[in-house]
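K.L.:
test case, fold it:
(one chain, ligands or ions: 1)
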Amino acid sequence: MEKGANFLFAGVNFNKKKFSSDFARFQEKKESDNSVEGFSLFESEKTEPEEVKVSVNKRKRKAIVSESVEGFNVFKSSKQSAPLVNEENVKEEDGQTKAKKELYRQMEWDALFRKKYNIHVSGANVPSPLKTFADLSSRYGSKSYLLRNLAELGYKEPTPIQRQAIPVLLSDRECFACAPTGSGKTLAFLCPMLMKLKQTSKAGIRAVILCPTRELAAQTTRECKKLAKGKKFRIKLMKKELVRRADLSKFSCDILISTPLRLRLAIRKRKIDLSRVEYLVLDEADKLFEVGDLLKQIDPVVKACSNPSIIRSLFSATLPDFVEELARSIMHDAVRVIVGRKNTASESIKQKLVYAGSEEGKLLALRQSFAESLNPPVLIFVQSKERAKELYGELAFDNIRAGVMHSDLSQTQRDDAVDDFRAGKTWVLIATDVIARGMDFKGVSCVINYDFPDSASAYIHRIGRSGRAGRSGEAITFYTEDDIPFLRNIANVMKASGCEVPSWIMALPKLKGKKHRPRRDSISTAPKDEKVLPKLKGKKRRPRRDSISTRPKDAEE
Ligand SMILES: Nc1ncnc2c1ncn2[C@@H]1O[C@H](COP(=O)(O)OP(=O)(O)OP(=O)(O)O)[C@@H](O)[C@H]1O
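P.N.:
Purely as a prediction, here's the structure:
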């Protein structure tokens, strides 16, 4: 499909010569949109006349047109175009008006459809959302293998992010997408990538997907292979062994999935050639753009992908403003797609805050909740690998089938921990934030933030390991006296997704931009002065404990 103004009229028999004045109006609009160094795209939510191809049931259309869509941003730009559909002009200019009317109806139809699915778009000429997966073949000529694989995977209809991001990418537009955790973003970038690559080729490395962790890169590779089943695409995960190869300058594959660190090493030491990459996806983009190691690692990768016609896309469930700014500096004519409200948690997760007072209180609260209602699989997040080891050691006393996952483990141990949890061999997985993003453990019924998350976005991603693909989930967050000043950030997220939050928390002073990683006492129920643990045989351990209360001592309602 063509880009720019031509794309606007794809699928419509529109005489550009005859209606040159109208055509010019659309062109002028588009040029002025792009004139402010690419920034205007994102400043206000705008939608321009869009692709017209779908024939909508007339009666339905009438109903739709007469329905008022209050506050829906698309109509702001519809107002700007109002002279085009002025009733009197419509009567006078018949042929010309027909095409305009069709265009306008399509815009309204798209707007209502987006409203229904809570999709918000910005950018010029945003393509119509997908109604069904069948649109992939009727509108974009997808091969039958893809529809077959989607059906085999049990995907009956596209999720909201898939409805909008797939047509954007299939129209050769760069894309900037934010949708809740577990809402199918992976398919939203894999599907158009496979369709665009069409078939395998030895023309270098054709597409790159960057993920912040090895586990996520491996999971994305598996998903990609499932979706490509029946086609001979060469889909490669950048493993350690591959990076060790002496010379990668001649290495080629259709899709390469990697962490930024491994790909940077391959560029620097093994001369891997990314100059022919046609598609670059930055998954969990805000994590990749986080100032620090990852940002340093993606910079040389983005630069090495020097193909001028490259299509880049950014996906995440959280999109802080600084990431939008950074993205604007690298993307051209991008479309921004937001599903729901930016930076909110999935609404299918029941969220709860539990006051545990002290570190010791947390262990008690955890044991109590396990005793009362352990509904595996449960994922427990802690602040550091040291604490993951400590908590794992504690739960070993409790006859609970637990596993542990942190960055001190070997790759095989990390893989085993994830596989055992997925297979139900372990019921509880204690982990650091290394698996907080992107990991798709389908059945996780509950996430416990044993240690308070260091930011609102960390919270959103952690709890997003439950409640995926429309399932319900539960998230419990323990907090101690030390965490109280940071409660409000999390409470805001909870409130935005419809959970109840005590008013005293909402009245706490606002804290901005600070990461919360306090020094915490070690996780142990052993008395503090006990240096060497005596060997105990058959003795029950019942230490004196502070009482468990769900409210801080000085909290006011
Ligand atoms: N159209 C669909 N219909 C039903 N299930 C789907 C569909 N698309 C994806 N899924 C399933 O939804 C789950 C979540 O998808 P995915 O991992 O892509 O979410 P995500 O939005 O990337 O989440 P996160 O932000 O946590 O990375 C997966 O198990 C996937 O198989």
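K.L.:
quick check: residues of this protein near the ligand?
P.N.:
In this structure, the chain approaches the ligand at residues 155, 158-159, 162, 179, 181-187, 317, 438, 440, 442, 464, 468-469, judged by C-beta under 6 Å from any ligand atom. For glycine as for every other residue, the C-beta is placed from the backbone atoms N, C-alpha and C.
K.L.:
buried ones among the residues you listed?
P.N.:
A residue is treated as buried here by neighbour count (16 or more other C-beta atoms under 10 Å); on that basis the buried members of those are 155, 158-159, 162, 179, 181-187, 317, 438, 440, 464, 468.
K.L.:
so of the residues of the chain next to the ligand, which ones are in helices?
P.N.:
Secondary structure defined by DSSP state H assigns 162, 185, 186, 187 of the residues of the chain next to the ligand to helices.
K.L.:
output the residues you listed in a markdown table, with pLDDT appended to each entry.
P.N.:
Compiled in a markdown table, these are given as follows (pLDDT from 0 to 100):
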| residue | pLDDT |
| --- | --- |
| 162 | 98 |
| 185 | 98 |
| 186 | 98 |
| 187 | 98 |
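K.L.:
tell me the two of those that are most distant?
P.N.:
With C-beta to C-beta as the measure, no two of these lie farther apart than 162 and 186, at 9.7 Å.
K.L.:
so what's the residue of the stretch 351-500 of the chain found nearest the ligand closest to, chain neighbours aside?
P.N.:
At 3.3 Å from the ligand, residue 469 is the closest residue in the stretch 351-500 of the chain, using C-beta to the nearest ligand atom. Counting by C-beta to C-beta, 6 or more residues apart in numbering, residue 182 is the residue found nearest to residue 469 once chain neighbours are left out, at 5.6 Å.
K.L.:
got the residue ranges for the strands in the stretch 351-500 of the chain?
P.N.:
Remark: strands assigned in the stretch 351-500 of the chain by DSSP state E, counting those that start in this stretch are 378-381, 402-405, 428-431, 446-449, 473-480.
K.L.:
export those strands as a markdown table, with columns for mean pLDDT.
P.N.:
Listed next are the strands of the stretch 351-500 of the chain as a markdown table, based on pLDDT from 0 to 100:
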| stretch | mean pLDDT |
| --- | --- |
| strand 378-381 | 98 |
| strand 402-405 | 96 |
| strand 428-431 | 97 |
| strand 446-449 | 97 |
| strand 473-480 | 95 |
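K.L.:
figure out which of the ones you listed is closest to residue 123.
P.N.:
With C-beta to C-beta, the closest approach to residue 123 among those belongs to strand 473-480: 32.5 Å.
K.L.:
list the strands paired with the closest one, with their directions.
P.N.:
According to DSSP bridges, strand 473-480 has the following sheet partners: strand 349-357 (parallel), strand 446-449 (parallel).
K.L.:
what sits up against that strand?
P.N.:
Residues from elsewhere that reach strand 473-480, judged by C-beta atoms under 8 Å, 6 or more residues apart in numbering: 345-346, 348-359, 361-362, 365-366, 369, 444-453, 459, 462-463, 466-467, 487, 490.
K.L.:
before we move on, what about stretch 223-231?
P.N.:
The set of residues that contact stretch 223-231 without belonging to it, under C-beta under 8 Å, 6+ apart, is 143, 145-146, 148-150, 152-153, 186-187, 190-191, 194, 199-200, 209, 235, 255, 257.
K.L.:
one more pass at 7 Å, please.
P.N.:
The set of residues that contact stretch 223-231 without belonging to it, under C-beta atoms under 7 Å, 6 or more residues apart in numbering, is 145, 149, 153, 186, 190, 191, 194, 199, 235, 255, 257.
K.L.:
repeat for stretch 379-387
P.N.:
For stretch 379-387, the external contacting residues (C-beta under 7 Å, 6+ apart) are 388, 391, 406-408, 428-433, 436, 441, 444, 447-451, 462, 465, 517, 520, 523.
K.L.:
in that stretch, what's buried?
P.N.:
Of the residues in stretch 379-387, 379, 380, 381, 382, 383, 385, 387 count as buried by neighbour count, 16+ other C-beta under 10 Å.
K.L.:
can I get the longest helix seen in the chain in PDB, CA atoms only?
P.N.:
Among all segments of the chain classified by DSSP H, the helix with the greatest residue count is helix 94-116. Extracted in PDB, the C-alpha atoms of helix 94-116 (Å, rounded to 0.1, in the frame of the first residue of the first chain):
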ATOM      1  CA  ASP A  94     -23.000  15.600  -6.700                       C
ATOM      2  CA  GLY A  95     -20.200  13.400  -8.000                       C
ATOM      3  CA  GLN A  96     -17.600  15.200  -5.900                       C
ATOM      4  CA  THR A  97     -19.800  15.100  -2.800                       C
ATOM      5  CA  LYS A  98     -20.300  11.300  -3.100                       C
ATOM      6  CA  ALA A  99     -16.700  10.600  -2.600                       C
ATOM      7  CA  LYS A 100     -16.400  13.100   0.200                       C
ATOM      8  CA  LYS A 101     -19.500  11.700   1.900                       C
ATOM      9  CA  GLU A 102     -18.100   8.200   1.600                       C
ATOM     10  CA  LEU A 103     -14.900   9.400   3.100                       C
ATOM     11  CA  TYR A 104     -16.600  11.300   5.900                       C
ATOM     12  CA  ARG A 105     -18.800   8.300   6.700                       C
ATOM     13  CA  GLN A 106     -15.800   6.100   6.900                       C
ATOM     14  CA  MET A 107     -14.200   8.500   9.300                       C
ATOM     15  CA  GLU A 108     -17.200   8.500  11.500                       C
ATOM     16  CA  TRP A 109     -17.600   4.800  11.300                       C
ATOM     17  CA  ASP A 110     -13.900   4.400  12.300                       C
ATOM     18  CA  ALA A 111     -14.300   6.900  15.100                       C
ATOM     19  CA  LEU A 112     -17.300   5.000  16.600                       C
ATOM     20  CA  PHE A 113     -15.500   1.700  16.200                       C
ATOM     21  CA  ARG A 114     -12.500   3.000  18.000                       C
ATOM     22  CA  LYS A 115     -14.600   4.500  20.700                       C
ATOM     23  CA  LYS A 116     -16.300   1.100  21.200                       C
END
